[in-house]
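[1] give me a 3D structure for the following:
(chains A and B)
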Amino acid sequence: MRAVALSLRHELIGLAGVVERNVYLTRRYIYWDLAFFVWTVANTLTIVFIAEGIEAAGGQIDVERATTTLLIGAVVWAYLGIIFEFLTETVAWERWEGTIEYTFMAPLSRAMHLGGSGVFAVLYGLIRAILLFVVVAAFFGLAFDDANFVAALVVLVVASISFFGIGMMTAVLPLISPEKGAQLGFVAQGMLLVVSGVYYPVEVLPQWMQWLATISPATYALEGIRAAILDGAPLSSMWPQIWPLLVIGAASIPLGLAIFNRGEVYAKRHGKLKRSG
Amino acid sequence: MRELSPVPPDALAVDARDLRKEFVRKDRKRGKRRVAALDDVTLKLARGECVAILGQNGSGKSTLVRLLSTLLLPDGGGATVFGYDVVRDGKAVRRLVNRVSVEASFFKKMSPSENLHYAARFYGMTVSETRDQIPLILERVGFPSDRRGEPMENLSRGMQQKVALARALLTSPVLLLLDEPTTGLDPRSKLEVQEFIREMRSVHDSTILLCTHDLDEAEALAERVGILDAGRLLALEPAAELKQRYGAETLEEAFFAATGRGFEDEQDELDAEERKVLA
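    Numbering: from 1, shown residues only, chains lettered A, B, ... in the order given. Model prediction:
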């Protein structure tokens, strides 16, 4: 029993170590992060202006509602990008720095190693997502009289469990393909959001894509966040979105970990952790 | 750490039997083929012993180190570290082992202090422990205190290697795997690393496997010297016996007699790609 407690303590210290390292790195690269934030704001503006563009072209829409709908889609897209980026970089960055072998020969379970990246990614992603939302909403002068931001935040945090599980699956890609693996994380992000109604209702998709939407956590995250911000829906009414997120999360984390472990065995079998030296 | 991976008093530090590792090599002429980087190597290290393995680039030294540190999975045979199997009991092995390699691999934008804090967490060390220990350990390896906060990328290779030694010392490994730790260092830094190796043995009771190109270093530090050539361990015995067996006056001559090749000349005989595959 004591050994289990001690082992768990070491694992949690290791998880905190990954968070600590990411704090150090973020501090060192803070100006780059600011530059990327500016790019994200610009990118989001290009999407959100579409609502005003439709009206200017003669379309009959509620511009403020459409602007907010697009903004939520863009913010969730950016948030998911950060989660996947951090998890994929768990391997890719360490390979680039040359530290990967030291990390993989340390006595830390892969769950905690990836968990540390996931915890930091969620915290950092939430800060960036909130800032992005505030900056772009202020730019368009959007008013949120009835919005329930607490409920929206809870939905996003619950969805993060599933995003983390899927992110673990993409994190293995740089182990298998050191050259191109990291970029494949963006493919997964795009595939996930295209079926989830990121800028449009899921109902406009072909039937087979709608079926995929039912197993995508981003679908429920976007539905819940939009209901909370656009309609002020209370958290108590969010159960239809929250339970699928919990179920997908409960399935995706062990699946993601199993896939990563398979990838790690492959890399150790074929000498792909480090290719020379 | 040792509490979670207790070291049995009578266990061998390393017990490798017929250890084999192959990699797939592809080339246009011969297509895909498997090349043995380590060819049925058997070796035993007693606790507290220092063993040096001599071999050229591509001889399989780094592969041996990676197999023992659980970074590679063997294709044949097996190995234990203090009785723990490197495949089945990987985590127990990882608690006991650390490594210093030719490349001092760190996060280049982070400082020595930050890199060490990060590494120590993986071994279960808390903030309060590392806050006190890291400055002491850096001082012990001769790292100047006024440069602890500088990014690693601003430090010389010798300085970076000192931080690598501090990283190994911090986790108190029972088995220390040294993979060409002094290659490319100036003579003074080389002597400091060698002094560190002696201290790890005498003060910390570490067992040391030293893979090196440096024949003098091997002779000065190790009780036994092995010759690894094209993945095969040709000999493993005290340097004096090795020289006697091959009727040689120096280790270099013994190496030549054992392998049929000169120690330095051999570097040019393996093409770069072959070395990459076998490393």
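
[2] for the rest of this, base every contact and every neighbour count on C-alpha atoms.
    Noted.

[3] which residues sit against stretch B:24-34?
    Contact partners of stretch B:24-34, identified using Cα atoms under 8 Å, 6 or more residues apart in numbering or on different chains, comprise A:H270, B:E22, B:F23, B:V35, B:V277.

[4] an error on my part: the question was meant for stretch A:129-145.
    Residues contacting stretch A:129-145 (Cα under 8 Å, 6+ apart): A:37, A:40-41, A:44-45, A:64, A:68, A:71-72, A:75-76, A:78-79, A:229-230.

[5] cutoff 10 Å now
    A:37-38, A:40-42, A:44-45, A:48-49, A:64-65, A:67-68, A:71-72, A:74-80, A:82, A:123, A:125-128, A:153, A:229-232 (Cα atoms under 10 Å, 6 or more residues apart in numbering or on different chains).

[6] which ones among the residues you listed are found in helices?
    Judged by DSSP state H, the subset of the contacts of stretch A:129-145 located in helices is A:37-38, A:40-42, A:44-45, A:48-49, A:64-65, A:67-68, A:71-72, A:74-80, A:82, A:123, A:125-128, A:153, A:229-231.

[7] out of the contacts of stretch A:129-145, which are buried?
    A:37, A:40-41, A:44-45, A:48-49, A:64, A:67-68, A:71-72, A:74-80, A:82, A:125-126, A:128, A:153, A:229-230, A:232 (16 or more other Cα atoms under 10 Å in any protein chain shown).

[8] and the strands in the stretch 1-150 of chain B, which stretches?
    B:14-27, B:31-45, B:50-54, B:76-81, B:84-85, B:97-101 (DSSP state E, counting those that start in this stretch).

[9] return the set of buried residues in stretch B:10-28.
    So stretch B:10-28, judged by 16+ other Cα under 10 Å, has buried residues B:11-23, B:25.

[10] so which of those residues is the closest to chain A?
    B:F23 (6.5 Å; Cα to the nearest Cα).

[11] which pair of the contacts of stretch B:24-34 spans the longest distance?
    A:H270 and B:V35 (11.9 Å; Cα to Cα).

[12] could you list the low-pLDDT ranges of the chain?
    I'll assume chain A. Within chain A, the stretches with pLDDT under 70 are A:275-277.

[13] not quite, I wanted chain B
    Using pLDDT under 70, chain B drops low at B:1-3, B:262-279.

[14] which element is the residue nearest to the spatial centre of it on?
    Centroid check for chain B by Cα atoms, centre = their mean gives B:L178 as the closest residue, at 2.4 Å. If you go by DSSP states H and E, B:L178 is part of strand B:175-179.

[15] partner strands of that strand and their direction?
    Its sheet considered, strand B:175-179 pairs with strand B:97-101 (parallel), strand B:207-212 (parallel) by DSSP bridges.

[16] let me have those strands in CSV, extended by mean neighbour count and distance to B:V65.
    What follows is the strands paired with strand B:175-179, written out as CSV (neighbours: other Cα atoms under 10 Å in any protein chain shown; distance: least, Cα to Cα, whole Å):
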stretch, mean neighbour count, distance to B:V65
strand B:97-101, 23, 8
strand B:207-212, 26, 8
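
[17] of those strands, which is nearest A:E97?
    Per Cα to Cα, nearest to A:E97 of the strands paired with strand B:175-179: strand B:97-101, 14.4 Å.

[18] could you dump the closest one to CSV, C-alpha only?
    The C-alpha coordinates for strand B:97-101 follow below in CSV (Å, rounded to 0.1, in the frame of the first residue of the first chain):
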residue,chain,number,x,y,z
VAL,B,97,19.6,3.9,-14.4
ASN,B,98,20.8,7.2,-15.8
ARG,B,99,23.0,8.1,-18.8
VAL,B,100,25.4,10.7,-20.0
SER,B,101,25.9,10.7,-23.7
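
[19] between that strand and strand B:76-81, how many degrees?
    If you take axes from the mean of the first three to the mean of the last three Cα atoms, to 10 degrees, strand B:97-101 sits at 110 degrees to strand B:76-81.

[20] report the distance from strand B:97-101 to the chain centre.
    The chain centroid and the centroid of strand B:97-101 are separated by 6 Å under Cα atoms, centre = their mean, to the nearest Å.

[21] quick check: residues of the stretch 101-250 of chain A near chain B?
    A:E101, A:Y102, A:T103, A:F104, A:M105, A:A106, A:P107, A:L108, A:S109, A:M112, A:H113 (Cα under 10 Å from any Cα of the partner chain).

[22] need phi/psi at the fifth one.
    What that stands for is A:M105. As for A:M105, its main-chain torsions (degrees, to the nearest 10) stand at phi -100, psi 10.

[23] now do the contacts for it.
    Per Cα under 10 Å, 6+ apart, neighbours of A:M105: B:66, B:68-71, B:90-91, B:93-95, B:97-99, B:122.

[24] same thing with the last one?
    A:H113 is in contact with A:E11, A:L12, A:G14, A:L15, A:A16, A:G17, A:V18, A:V19, A:T90, A:T103, A:F104, B:F122, counting by Cα under 10 Å, 6+ apart.

[25] give me the subset of those lying in helices.
    In this view, these that belong to helices under DSSP H are A:E11, A:L12, A:G14, A:L15, A:A16, A:G17, A:V18, A:V19, A:T90, A:T103, A:F104.

[26] can I assume A:V134 sits in a helix?
    Yes. Membership of A:V134 in a helix is supported by DSSP: H, G, I helix; E, B strand; the rest coil.

[27] okay, it and B:N98: tell me how far apart.
    A:V134 sits 47 Å away from B:N98, going by Cα to Cα, to the nearest Å.

[28] repeat for B:T207
    Taken as Cα to Cα, the span from B:T207 to B:N98 is 11 Å.

[29] which neighbours do the two share?
    B:P173, B:V174, B:L175, B:L176, B:L177.

[30] who wins on neighbours among these?
    B:L175 (31 neighbours; other Cα atoms under 10 Å in any protein chain shown).

[31] wait, doesn't it sit right on B:S206?
    Yes. Counting by Cα atoms under 10 Å, B:S206 is a contact partner of B:L175 at 5.6 Å.

[32] so what sits against both of these two?
    B:A13, B:R47, B:G48, B:E49, B:C50, B:L96, B:V97, B:M200.

[33] looking at the residues you listed, which one is closest to A:L173?
    B:V97 (27.6 Å).

[34] return the set of residues that bridge with the closest one.
    On the basis of DSSP bridges, B:V97 is bridged to B:L175.

[35] which residues touch it?
    Going by Cα under 10 Å, 6+ apart, B:V97 touches A:105-107, B:68-70, B:81, B:168, B:171-177, B:206-207.

[36] one more time with 6 Å, if that's ok
    Listed by Cα atoms under 6 Å, 6 or more residues apart in numbering or on different chains, the contact set of B:V97 reads B:P173, B:L175, B:L176.

[37] which non-adjacent residue is nearest A:E223?
    Leaving aside its chain neighbours, A:E223 sits nearest to A:Q241 (7.2 Å; criterion: Cα to Cα, 6 or more residues apart in numbering or on different chains).

[38] and if you look at B:A79?
    Leaving out its chain neighbours, the residue that sits closest to B:A79 by Cα to Cα, 6+ apart is B:A16, at 4.0 Å.
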